[in-house]
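> A predicted structure for the sequence below; I have some questions about it.
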Amino acid sequence: MFPLRLKTAAALVLLGLLTLLAGIGQRTIWAPSETFTATVPADAAAAPLTVIDQKLRTLHGGTVKINIQGDGNFMLASGRPDDVSAWVGKTAHNTITGVSEDEKSLQVDHADGEATAPNPAGSDLWVSNENASGELEYTWTPPADGDWSLLLASDGTKPAPATVSMTFPNDTSTPWAVPLIVLGSLLIVGGIVLALLSARRKDGEGGGDTGFARRARARKAKSLGQAPSSSSSSSSKVTMVAAGVAAAVLAGSGTGAQAASPSPQPSGSASSPAKEAAGPPVLLDAQFRRILEQVSSAADAGDAAKDAAKLADRVAGPELEIRTQNYKIRSQVGSYESRMPVRSTKLLTTVVTSGRDWPRSVLAVTQGEGNVVPQILTLVQKSPRENYKLMETTPLQPGTTFPNISRGGTETLAASDKSGLLYSGEEAMSGLADRLTSADSPFKDKLTEGQSSPYIADTLSYQAEVVKAGENGNFSFTHKAVPESTVVFRTSDGGALVLGRINFGFEGTPKAAGDKLGIGDDAAALAGGKETTTGMVLNFAESMAVYVPPAGSPDPMKLVAATRGLVGASFK
């Protein structure tokens, strides 16, 4: 009987050792690699653009590293998936969508289309733009919350680099390692305990230690206050020691109690329904600041040289027209006041649309060097492949408070959309135009301005004085809103900030034959003369901003910002 128990104990210890080694091996010599690398197949079709799908960044969790090799210069840009898709448009392109089952190749989908595209480098859609020559090592980290795709290209005319490999975190979990280590340890403990019990039994039989003698010793030990000796206490000690050894083995193999249970995952913070509906802002702060710096640099260059050609990349619409004529006048009239400078520094606030369609409008309020009052800068991106351009600069009226608008992205409305508003954008600008034209306008009490900044009152006063003083001429004034230039941003209180252009016309006709009308030096620089006997026309572009209360409010609209610039002068 004794040899059989010893053999069984030895077998348990041996089996336990093998099981324990198998578990430790899964954590060491047989452990899977921490990463794996997949590469674009060599037979993938050539295309001027390659899109790396946003889902690859989170395919296996952790950080993804990308290696790109190509001939000459190339760029890798990061942008929102819909922005990347909009920029690619109808151009032929490849899209890296996933990884093959053997994790050795990247899956590539090819879309036919136009053979070339403009150079995507420098687009305002990109949050980051990595330029490289020959090879690029890139660690893919998101610039902000949400989804982000990558766009790879040479210059839009040549094929994008074809040698692309991506290194992903690998699944290094070994679910059987801990159970095998625990089971092996238990088998070893069981074998040791069985061997000790067998040895104790043999000693008792060989020494004539009968049951009667053992009971006698127990009674004697009890009378002396000692605990009786037994094989069970010895085996308990052995078990405790063996358990300690097993725990040490588990700890040494890098598997503890923590390894057996999954580590807690961070809980995502749910966005409010309103923000989810609105979507993320179309520009991050870093993007906006970069764009503002480029706009400011272009405006500075044009202003310094009095050269409108230097504005073309970053200025358009009314602002380009006003500054172009301002340069022309200043080149002939040294005392003529220059346009207020465009500054990117001392950025007071930004307003960014959350709408994903084009055109996209954003605002910045700055007050840098040369800005006597804060100035609203209206920038518009007309299409995905165009950059934002400065459309209007509108200084705040002194004493006026800029409306509160969410910095996290806000809704933009069509000029004709009156949803939740007292007036639509078109109605607000048309009402302001009528208010500027007639002192008895029906909007007289519906649109007000601050007492310290009476733009409307000053305009009406100027027009009345010209008419009154016109001995030799008849004069008329018109103000007409330009709906296509109107942009509307929803304010935090449910109202709206409406910005746009109003065309201000000033016409004069001699009262009698031979009467002459004179114009100032500024208008003469554009008209080509200072007097006329046939009549004259002056045109101004007014850049305006009006606050519109929400529907049902008893409050009137308020003029927030206003300025004008001479854009034309001619004789009839």
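Now that the structure is in, tell me what you want to look at. Note that the structure is a prediction, hence the values are computed from the model and not measured. Numbering: from 1, shown residues only.
> from here on, just use CA atoms for contacts and neighbour counts.
Noted.
> what ranges does this structure have for its helices?
Using DSSP state H, the helices of the chain run over residues 2-27, 81-88, 177-206, 211-223, 231-252, 257-260, 273-278, 285-305, 317-330, 425-437, 455-469, 521-527.
> confidence-wise, which of the ones you listed is weakest overall?
Lowest mean pLDDT within the helices of the chain: helix 257-260, a mean of 34.
> who are the contact partners of the residue nearest to Pro359 when sequence neighbours are not counted?
Spatial nearest neighbour of Pro359, chain neighbours left out: Lys382 (4.2 Å); criterion: CA to CA, 6 or more residues apart in numbering. Lys382 makes contact with Trp358, Pro359, Arg360, Tyr388, according to CA atoms under 8 Å, 6 or more residues apart in numbering.
> recalculate using a threshold of 10 Å.
Taking CA atoms under 10 Å, 6 or more residues apart in numbering as the contact definition, Lys382 lies against Asp357, Trp358, Pro359, Arg360, Ser361, Tyr388, Lys389.
> which of those residues sits closest to Pro118?
Using CA to CA, Tyr388 comes nearest to Pro118 of those, at 16.4 Å.
> how close does that closest one get to Arg314?
Tyr388 sits 7 Å away from Arg314, going by CA to CA, to the nearest Å.
> give me the common contacts of those two.
With CA under 10 Å, 6+ apart, Tyr388 and Arg314 have common neighbours Ile291, Leu292, Gln294, Val295, Leu379.
> what's the closest of these to Ser331?
Among the shared contacts of Tyr388 and Arg314, Val295 lies closest to Ser331 (CA to CA), at 23.0 Å.
> wait, what's in contact with that closest one?
So Val295 contacts 289, 301, 311, 313-315, 342-344, 379, 388-390 (CA under 10 Å, 6+ apart).
> Leu347 now?
Leu347 neighbours (CA under 10 Å, 6+ apart): Arg289, Leu292, Ala364, Val365, Thr366, Gln367, Gly368, Pro374, Gln375.
> mind doing that once more with 8 Å?
Taking CA under 8 Å, 6+ apart, we find Leu347 in contact with Ala364, Val365, Thr366, Gln367, Gly368.
> could I get these as JSON lines with distance to Ala10?
Converted to JSON lines, those look like this (distance: CA to CA, whole Å):
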{"residue": "Ala364", "distance to Ala10": "81"}
{"residue": "Val365", "distance to Ala10": "84"}
{"residue": "Thr366", "distance to Ala10": "84"}
{"residue": "Gln367", "distance to Ala10": "87"}
{"residue": "Gly368", "distance to Ala10": "86"}
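> in strands, which of those residues fall?
Of the contacts of Leu347, the ones assigned to strands by DSSP state E are Ala364, Val365, Thr366.
> tell me, how many residues neighbour the first one?
By other CA atoms under 10 Å, 22 other residues sit near Ala364.
> for it, which non-adjacent residue is closest in space?
Excluding the flanking residues, the one nearest Ala364 by CA to CA, 6+ apart is Thr350, at 4.4 Å.
> what subset of the contacts of Val295 is buried?
Burial by neighbour count, judged by 16 or more other CA atoms under 10 Å, picks out 289, 301, 311, 313-315, 342-344, 379, 388-390 from those.
> so Arg407 sits right up against Thr353, yeah?
No: when contacts are counted by CA atoms under 8 Å, Arg407 is not listed as touching Thr353 (9.5 Å).
> neighbour count winner among the two?
Thr353 (27 against 14).
> show the pLDDT at that one.
We have a pLDDT of 94 for Thr353.
> now do Thr28
For Thr28, the model assigns a pLDDT of 69.
> could you do Ser361 as well?
97.
> how about it: what's its closest non-neighbour residue?
Nearest non-adjacent residue to Ser361, counting by CA to CA, 6+ apart: Val380, 4.5 Å away.
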